[in-house]
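**Q** Dropping the sequence and predicted coords here.
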Amino acid sequence: MTLRRAAPLFLLLLASACTVATPNSDIVTNSEAVAAEQAAAPKPVPTAEPEVVEAAPAPPPIQRLDLGIAIKEAELTQGGWVRGKLPQGTQEAMLGDEVVDFDEDGNFFAAFDRDAPESLLLTAYHRIGRSISLPLAISPREWDIERVNVPLRPSGTSEEWWERREPEWLAIKEARDKETGAQGWRQQFVWPVTGRISGRFGRQRIYQGEPGSYHSGLDIAPGNGVPFVSPADGVVVLARTGFSLEGGIVIVDHGAGLNSAFIHLSRLSVAEGDVVKQGQQLGNVGSSGRATGPHLHWSLVWKDSRLDPLLFLPPMP
Ligand SMILES: [Zn+2]
């Protein structure tokens, strides 16, 4: 089994073609400024004797305005992500209808759901009312789909079951919505643990034509009790044991709307509120909750989009 992984895309795209200067704009491009300087320069007057020419004053520095959306690195595919820089003066940014967070220098992170459409518009709204849009082409994936001739079994619909499940579900939802200001979204991720890949992101069963829910994470099976680490810096927003489906669960917020959940743990090494560094131990792999065997299920989410952890990782060492 080989790890199918889209080639990383390191590029710098400038969306300057999408910018529109207003008629009274004070924005001057480099070539315009040079042309204006040349036009303003006095024409040489022919003289009989050579003159001592005074050194010309240095031209004023040309102000370079950053007008485009720059894509610095990306995996432009379903379940993938993008890091880049928004133009100076951006007040708000959107990817499709999702708000994009960015720092004071305009650096941003955004990502694409498992079922993202083939094109998404990244738009930066400038504080003086203009906007710049960059269409992103999101390549579709071929998900592992298995068609089975058995009916879709409704799971956990009894009132009794939901009574136990609802507070767990709410705790997970609230944790994933927390904004901690963590900075891990800027980092290249590392493997939380290495081992056999026992389940890939996006895999789905279709029951007599009715789609079941797809596998929302990456399963790694290094063996029971093996310690695992945080793939990036973050803040622990949930650390619990005994959840009905997840068993032991740790959720780490990486900031900018990106967070990781690790479930089926046999032991937790962190508590809620802990600030963790990339590579710091979070707990141990187990089979708690609804698991068929010991493995680490890692689900990575940006806002409401479910992402493929493999697209954040280098090849397994
Ligand atoms: Zn899993």
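**A** Sure, I can see it.
**Q** Quick check: residues of this structure near the ion?
**A** Contacts of the chain with the ion, taken as CB under 5 Å from the ion, map to 199, 217, 219, 297. From N, CA and C alone the C-beta is placed, and that goes for glycine too.
**Q** For the residue lying closest to residue 126 once chain neighbours are set aside, give me its contacts.
**A** With sequence-adjacent residues excluded and distances taken as CB to CB, 6 or more residues apart in numbering, residue 126 is closest to residue 89, at 5.1 Å. Contacts for residue 89 (CB atoms under 8 Å, 6 or more residues apart in numbering) come out as 126, 127, 128.
**Q** Help me confirm that the second one comes into contact with residue 91.
**A** This points to residue 127. Yes. In this structure residue 127 lies within contact range of residue 91 using CB atoms under 8 Å: 4.4 Å.
**Q** Show the buried residues in the contacts of residue 89.
**A** residue 126 (16 or more other CB atoms under 10 Å).
**Q** can you put the contacts of residue 89 in TSV and add secondary structure, distance to residue 235 and pLDDT?
**A** Shown next, in TSV, are the contacts of residue 89 (DSSP: H, G, I helix; E, B strand; the rest coil; distance: CB to CB, whole Å; pLDDT from 0 to 100):
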residue	secondary structure	distance to residue 235	pLDDT
126	strand	32	90
127	coil	30	82
128	coil	35	82
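**Q** what's stretch 119-128 in contact with?
**A** 69, 82, 86-87, 89-96, 100, 110, 112, 131-138.
**Q** What does the residue in the stretch 201-317 of the chain that the ion sits nearest to show for phi and psi?
**A** Residue nearest to the ion within the stretch 201-317 of the chain: residue 297 (3.4 Å; CB to the ion). With angles defined as degrees, to the nearest 10, residue 297 sits at phi -100, psi 120.
**Q** in the sheet, who's paired with it?
**A** Beta-bridge partners for residue 297, by DSSP bridges, are residue 219, residue 263.
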